[in-house]
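1. Just the structure for this:
(one chain, ligands or ions: 3)
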Amino acid sequence: MKNKTQRIPYVLGFLLWRFMDRKRISVLLIVFVLTGISCTSQTKQTHNKILLISFDGFRADYLSKTETPNFDVLVEGGVTSEGMIPVFPSKTFPNHYAIATGLYPENNGLVGNTMYDPDLDLMYRIGDREQVENPVWYQGEPIWNTVEKNGLKAGTMFWVGSEAPVQNMRPTFWKVYDGRVPNEARIDTVINWMTIDSPDQVDFATLYFSFTDSDGHRYGPESQEVVESIKEADKLVGYLISEMKSNDLWGKTDIIIVSDHGMYDLSQDRIIVLDDYINPDDITVVSSSPVLGMNVAPDKLENVYQALKTGEENYRVYKKEDIPERYHLKNHKRVTDLIMVADLGYFINTKDYFDRFPDRPTGATHGFDNRDKEMYAIFVAYGPDFKEGLKVKPFENIHVFELIANLLGIPSPGTDGNIDSVKVMLK
Ligand code: AMP
Ligand code: ZN
Ligand code: ZN
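-> Numbering: from 1, shown residues only. Ligands and ions are numbered 1, 2, ... in the order given. As a prediction, this is how the structure comes out:
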């Protein structure tokens with residue numbers, strides 16, 4: 001897109017053509033057109049690079065749990081938030097894809113980590129590589145496509161959605177998800193994409209780390225193990241900073257560190273046994289606690305709903321059409337007939353399950369109401385375009401897309417987010 005200053009050579013050229021001798025002016029005109037072209041191509045070079053990093057399950061308050069000298073460099077010199085608000089359900093796949101597209105789940109198709117699509121008659125599970133790489137599941141336009149459509153280059157060192165040819169496109173560089181790739185090696189790869197001496201050098205890259213989520217699930221957010229995880233994340237940030245400095249990226253790159261959701265302890269004292277309300281044989285469970293999605297045969301639906309509604313304690317139950325607007329979920333065919341939403345820290349399952357696993361649930365999880373502060377995610381942004389030492393109020397993660405598009409100077413395809421919600425962060 002050309003701004004006003006860039007239009008000047010064209011306007012001058014037109015005026016001269018209109019009011020001066022045609023022969024003499026044709027030479028001048030060529031000069032103006034060339035100036036115009038050089039101004040346009042400058043747009044591409046004047047933006048800084050962007051590195052978007054996700055530490056999975058890194059709760060908004062984690063940085064206050066221990067010493068984090070490397071994160072502190074970014075926090076003190078950049079922008080943080082009291083918490084970034086996830087989309088509902090506060091699960092990994094819906095949130096990473098909401099960040100990537102700037103769209104709520106009902107508008108981008110990723111309404112859960114596990115989904116059933118009635119038209120396709122297909123199940124989506126995060127461990128099912130065929131479906132994870134199948135573009136039919138992914139709607140909207142991921143930011144890496146917007147980047148590429150505008151003549152810039154993108155590289156994704158893991159991100160939900162980046163392994164499928166969404167809109168029949170791919171980023172210039174991308175990787176099939178492999179949790180075994182060492183974390184430092186992920187950073188090395190991205191640094192290489194950002195500095196490679198070729199027209200493919202990327203303007204926008206992503207990085208993803210999962211250990212903060214898996215340790216949170218296993219040991220709980222208040223554990224010493226999670227403190228060690230936070231320290232490990234901090235060491236990776238330190239490694240990234242030193243690699244950026246030695247590769248001349250420091251000061252020329254905007255770093256945006258996010259997470260997808262928070263984490264909260266489960267307890268054997270906070271369980272909801274489905275059989276206390278309904279016969280589990282009457283329902284088909286699609287997604288599991290904390291947001292239990294179920295399909296029910298039409299002739300049984302009202303009875304199942306009424307039984308769950310009558311017993312409603314420590315959870316909420318909704319018919320699909322009554323799901324609160326603020327969840328931005330119900331307008332999608334992949335949402336089930338009923339959803340049960342466990343209150344923070346509660347766990348729903350069948351009597352059979354609790355009989356078979358009497359010591360469950362253990363550890364912690366996420367997926368709860370996105371209004372719960374314990375589900376809020378980290379947000380830290382640092383770089384030449386961000387203000388220094390600013391802390392902003394909680395904001396929704398669907399705005400991150402607009403932030404990135406704005407920083408790169410590329411037009412947004414239209415999202416649920418808006419730049420006004422985040423522009424206070426920018427210089
Ligand atoms: P959850 O805690 O169930 O919401 O999901 C977290 C898990 O998602 C992590 O343990 C990752 O291993 C996994 N994950 C993240 N990105 C991908 C991906 N692109 N493909 C498959 N699995 C992924
Ligand atoms: Zn996650
Ligand atoms: Zn998780």
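
2. what residues does the stretch 51-200 of the chain put near ligand 2?
-> Listed as neighbours of ligand 2 in the stretch 51-200 of the chain under the rule CB under 5 Å from the ion: 56-57, 92. Where C-beta positions appear, they are placed from N, C-alpha and C, glycine not excepted.

3. near ligand 1, which of those show up?
-> On the criterion CB under 6 Å from any ligand atom, 56, 92 are the entries of these that sit beside ligand 1.

4. what about burial for the residues of the stretch 51-200 of the chain next to ligand 2, which qualify?
-> Buried subset of those (neighbour count, 16 or more other CB atoms under 10 Å): 56-57, 92.

5. In the stretch 251-400 of the chain, what residue lies closest to ligand 2?
-> For the stretch 251-400 of the chain and ligand 2, the shortest gap (CB to the ion) falls at residue 260, measuring 4.2 Å.

6. and that residue, which of the three is it?
-> coil (DSSP: H, G, I helix; E, B strand; the rest coil).

7. any idea how far residue 183 is from it?
-> 17 Å (CB to CB, to the nearest Å).

8. List phi and psi for whichever residue of the stretch 1-150 of the chain sits closest to ligand 2.
-> Residue of the stretch 1-150 of the chain nearest ligand 2, by CB to the ion: residue 92 (3.1 Å). Reported as degrees, to the nearest 10, the phi and psi values for residue 92 are phi -60, psi -50.

9. If you drop the residues flanking it in sequence, what lies closest to it?
-> residue 260 (5.3 Å; CB to CB, 6 or more residues apart in numbering).

10. From residue 415, how far out is that neighbour?
-> Taking CB to CB as the measure, residue 260 falls 17 Å from residue 415.

11. re earlier: let me know the closest of the residues of the stretch 51-200 of the chain next to ligand 2 to residue 198.
-> Of all these, residue 198 sits closest to residue 56, with 31.1 Å by CB to CB.

12. Test my guess that the closest one contacts residue 210.
-> Yes - at 4.7 Å, residue 56 counts as touching residue 210 under the criterion of CB atoms under 8 Å.

13. Residue 229: what's it in contact with?
-> 211-212, 215-216 (CB atoms under 8 Å, 6 or more residues apart in numbering).

14. Kindly recompute the last result at 10 Å.
-> 55, 57-58, 62, 65-66, 209, 211-216, 218-219, 221, 223 (CB atoms under 10 Å, 6 or more residues apart in numbering).

15. Can you select the buried ones among these for me in ChimeraX?
-> Selection of buried members from the contacts of residue 229 for ChimeraX, criterion 16+ other CB under 10 Å:
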select :55,57,58,62,209,211,212,213,215,216,219,221,223
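
16. And the strands in the stretch 201-350 of the chain?
-> Taking DSSP state E, counting those that start in this stretch as the test, the strands found in the stretch 201-350 of the chain are 204-209, 253-258, 264-265, 271-273, 283-287, 291-296, 315-319, 338-342, 347-349.

17. how's this structure carved up into domains?
-> Following automatic domain parsing, one gets these domains for the chain: 4-44, 49-264+372-425, 271-362.

18. More neighbours: residue 260 and residue 183, which one.
-> More neighbours surround residue 260 than the other of residue 260 and residue 183, with 30 against 18 (other CB atoms under 10 Å).

19. Give me the nearest residue to residue 369, chain neighbours excluded.
-> The shortest distance from residue 369 to any residue other than its chain neighbours is 6.5 Å, reached at residue 341 (CB to CB, 6+ apart).

20. Might you report the residue contacts of the closest residue to ligand 1 within the stretch 201-350 of the chain?
-> Residue nearest to ligand 1 within the stretch 201-350 of the chain: residue 210 (4.1 Å; CB to the nearest ligand atom). Shown in contact with residue 210 (CB under 10 Å, 6+ apart): 54-57, 92, 158, 177, 179, 183.
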